[in-house]
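>>> Turn this into a model:
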Amino acid sequence: MRLRRILMLLCVVCAGFVLPACGSDDANTENRDPCETNYECGFGRVCGEDGFCREETQDDNRYDIGGNEDVGTPEDTGTPEDTGTPEDTGTPEDTGTPEDTGTPEDTGTPEDTGTPEDTGTPEDTGTPEDTGTPEDTGTPEDTGTDVGTDVGTDVGTDTGTTDTGTTDTGTDVGTDVGTDTGTTDTGTDVGTDVGTDTGTPSTFSGCTANIDCAGYQTCNTSIGRCEDARTTCDDDSQCATGEVCFDGRCATTGCTQGSCGSGLTCVQFDSSTTACVALCDGLQDPTNLCAPDTQCVPYFGTTGGLCRGVGENAPGASCETDFSANGCQAGSFCSERRGTKTCQSFCTASGSTGCASGEFCYEIFEDSDDATNNAGLCQTDCGGLGATDDTLCATGESCQPVSSTDGLCVPQGTVQEGGACAFDGSAYCEAGNACLPTGPDAPTDPTQGVCNAYCDPTATTTTCPTGQDCFQLGDDPAFGLCETTCDASLTASANACGTGRPRCLPLDNTTTGGTCSVAGNLATGAGCQLDEPLTCSPDSLCVVGNDATDPFGGGSTGSGNCTRYCLSFDYNSTGSRCGTGEVCASRYLSLGLGFCTSNTTSTTLPQGSTCSSSDEGKWCDDDTLCLDWFGSFSYSCEIPCDTTIPGTCPSSQSCYAVSSGSTLGICQ
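Okay, the predicted model is just below:
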């Protein structure tokens, strides 16, 4: 039973990875997925304080189910704006009578009759000027026959007799001013543009009552869409007793399988908390399990996701991230890159991606257990590191490499390498650089950043500035980032990181391999939040350091204390950053990043030693834990390891799983 508890706790850590009910960021520090913006970290994660992706907290929540923002009644229904009567009926604007009747404008009498203007008498009579006697006798040349005829013809083509207004009674003017007379086009055209005629988008189910929706939804009859009725939230404090904040909505806790109602699944968050959430099967079966007017967004790769609301906009269109009516249609997601939001199609990272020619599948929805199941969004491929092509991007964009083979088109930046950048859009790095945080509150404090260049770790000659090395990012050996190197075995005062990024985070189980990162100002021993481990001073991180029920540091949510960190699985070092009576404990089997703890057995016991049941969950020595490893009530001190992570065991040992199908093992 005790073994099951420990194993369950380890599984809960994974669940924290996958189901961030309250958020987690320390685990992803270890994965070191690089990021410049939150967009690059995908669902459930944000760009963390150290410039790498971390689990999203509710305070970081970038996605907001829109609810009733775009209902057709106030804005889109045809009646207030689109009916033909106010604008399109012929009577007010288009009838010929007010504007087009011939009488006021076209009748010959006021303007065209020959009498006022065309008669020869006032101007052309031969008597005053043209009489034949002085100059023109009239008889040979100007007999008067031509007097009125010439003038009338020139001044007004219509003499009044020909165009009396009968033939042109307003037809011409009415046609020009209002094409629709009100009879044939009573508002259909305008309604189509604003709100698809009646305001009911074809992409929605057309529900008419709550009974048409899932148990956690209500029907917005104005647009015929089922919408999430649960309370919106940013953290647990905004939810009622018996609820937790998950994915921006208050979720009922204390559930059992089958008790959540239609559209929801009971999920275990930790050893004592279960809650109802909208789970689904990812891109493998995108409609399965999701309620009406929602789609399965692949939070956890192609095989798992969460149901989210859909909107009207097709891939390529601008959108909002709140999944209101101006969000994206099913099969696409509203992504933001440097302030620009567009709908982009889902794709799978391996096999048939589903992207068009000239595009690639940019992974942002990761499966933490199986990278081949990672999902992403289709992007224009403008070329990888060293081969970017800005001509493939739109005006005002440049090509930002994201690997050795692929690149994204992003709005152009102006800050050069080494310059101060920001996460609020006011100071973007030039393409080819990433904006790394330079303070513990970045990117939530959007003013703190520095531009560091991407590089090729496999190159024979480094392109990085003096004092920096090229460190590989992700799984691509030929794509990396220039970062200041440091000695993780040294304290902040001696590790050469400087003030902007003073923390030296170990990269692996060596004594010297590390990169400089951000740090806060909470003193060692001070209270802190587990989902913000780097707010502690440069030589410590936030953990629950002396908890035998969870010896790996206390999980990723709740309160802890700033605790000195140490080099876990460091089998070569002769020194230790820990104090007297403390040992270095593994932080959830992470390479390099451990923490000092006094949760120890009464004496220092080497690997393989027998320990007492009363010492279960205590550390025997550095990286050596007392547990009933095989469920036989036989307690021993062993080095815990992960069968999928090389390097957690000494060089002469291997990691053996403690049970069939488990990745948890011991070194032997």
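>>> the strands in the stretch 401-550 of the chain, which residues?
Secondary structure of the stretch 401-550 of the chain, counting by DSSP state E, counting those that start in this stretch: strands at 407-411, 433-437, 449-455, 468-472, 480-484, 503-506, 514-517, 527-529, 540-543.
>>> Now do the fourth one against strand 480-484, angle only.
Using axes from the mean of the first three to the mean of the last three C-alpha atoms, to 10 degrees, the inter-axis angle of strand 468-472 relative to strand 480-484 is 140 degrees.
>>> Flag the shaky bits of this protein, pLDDT-wise.
Along the chain, segments meeting pLDDT under 70 span 1-202, 271, 286-287, 322-323, 351-352, 442-444, 508-512, 573-575.
>>> Helices of that one, residue ranges please.
Listed in chain order, the helices of the chain (DSSP state H) span 2-18, 26-31, 78-82, 84-87, 96-99, 102-105, 120-124, 147-155, 171-177, 188-199.
>>> before we move on, back to that, as a markdown table, the strands of the stretch 401-550 of the chain with distance to A422 and mean neighbour count would be great.
(C-beta placed from N, C-alpha, C; glycine too.) Output for the strands of the stretch 401-550 of the chain, formatted as a markdown table (distance: least, C-beta to C-beta, whole Å; neighbours: other C-beta atoms under 10 Å):
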| stretch | distance to A422 | mean neighbour count |
| --- | --- | --- |
| strand 407-411 | 14 | 23 |
| strand 433-437 | 7 | 27 |
| strand 449-455 | 6 | 24 |
| strand 468-472 | 21 | 19 |
| strand 480-484 | 19 | 24 |
| strand 503-506 | 21 | 27 |
| strand 514-517 | 18 | 26 |
| strand 527-529 | 25 | 17 |
| strand 540-543 | 26 | 29 |
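>>> Spatially nearest residue to A371, not counting backbone neighbours?
Leaving aside its chain neighbours, A371 sits nearest to D475 (7.0 Å; criterion: C-beta to C-beta, 6 or more residues apart in numbering).
>>> same check, this time on T302
Nearest non-adjacent residue to T302, counting by C-beta to C-beta, 6+ apart: L283, 4.3 Å away.
>>> surely the one you found meets S350?
No. When contacts are counted by C-beta atoms under 8 Å, L283 is not listed as touching S350 (11.7 Å).
>>> These two - which one has more neighbours?
Comparing L283 with S350 by other C-beta atoms under 10 Å, the one with more neighbours is L283, at 22 against 13.
>>> Next up, the contacts around that one.
Neighbouring residues of L283 by C-beta atoms under 8 Å, 6 or more residues apart in numbering: C296, P298, T302, T303, G305, F346, T348, A375.
>>> out of those residues, which one sits closest to V402?
The closest of those to V402 turns out to be A375 (C-beta to C-beta; 15.7 Å).
>>> mind checking how far the residue nearest to T302 is from T348?
Here the criterion is C-beta to C-beta, to the nearest Å. By it, L283 lies 6 Å from T348.
>>> quick one on the thing from earlier: tell me the spacing between the residue nearest to A371 and E363.
The gap separating D475 from E363 is 10 Å, by C-beta to C-beta.
>>> So which of those two has more stuff around it?
Set side by side, D475 and E363 show more neighbours around E363, with 24 against 9, by other C-beta under 10 Å.
>>> rewinding a little: got TSV for the strands of the stretch 401-550 of the chain, with distance to T388 too?
As requested, the strands of the stretch 401-550 of the chain are exported to TSV (distance: least, C-beta to C-beta, whole Å):
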stretch	distance to T388
strand 407-411	5
strand 433-437	12
strand 449-455	10
strand 468-472	18
strand 480-484	16
strand 503-506	29
strand 514-517	25
strand 527-529	40
strand 540-543	37
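>>> Just tell me which of those ends up closest to Q653.
Q653 sits nearest to strand 503-506 of all these, at 20.6 Å, using C-beta to C-beta.
>>> So what are the sheet partners of that closest one and their directions?
If you go by DSSP bridges, strand 503-506 pairs up with strand 514-517 (antiparallel).
>>> Extract the C-alpha set from the partner strand and format it as CSV.
What follows is strand 514-517 as a C-alpha-only set of coordinates in CSV (Å, rounded to 0.1, in the frame of the first residue of the first chain):
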residue,chain,number,x,y,z
GLY,A,514,25.1,25.1,-16.2
THR,A,515,23.4,28.2,-17.7
CYS,A,516,22.5,31.5,-16.1
SER,A,517,18.9,32.1,-15.3
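>>> got a list of contacts for that strand?
For strand 514-517, contacts defined as C-beta under 8 Å, 6+ apart pick out 49-51, 471, 483-488, 495, 497-498, 501-507, 534, 592.
>>> Could you rerun that using 7 Å?
Residues from elsewhere that reach strand 514-517 (C-beta atoms under 7 Å, 6 or more residues apart in numbering): 50, 471, 483-488, 497, 501, 503-507, 534.
>>> again with stretch 653-661
Applying C-beta under 7 Å, 6+ apart, the external contacts of stretch 653-661 come out as 629-630, 641-643, 648-649, 663-668.
>>> of these, closest to A229?
Minimum distance to A229 across these is 39.2 Å, recorded for T663 (C-beta to C-beta).
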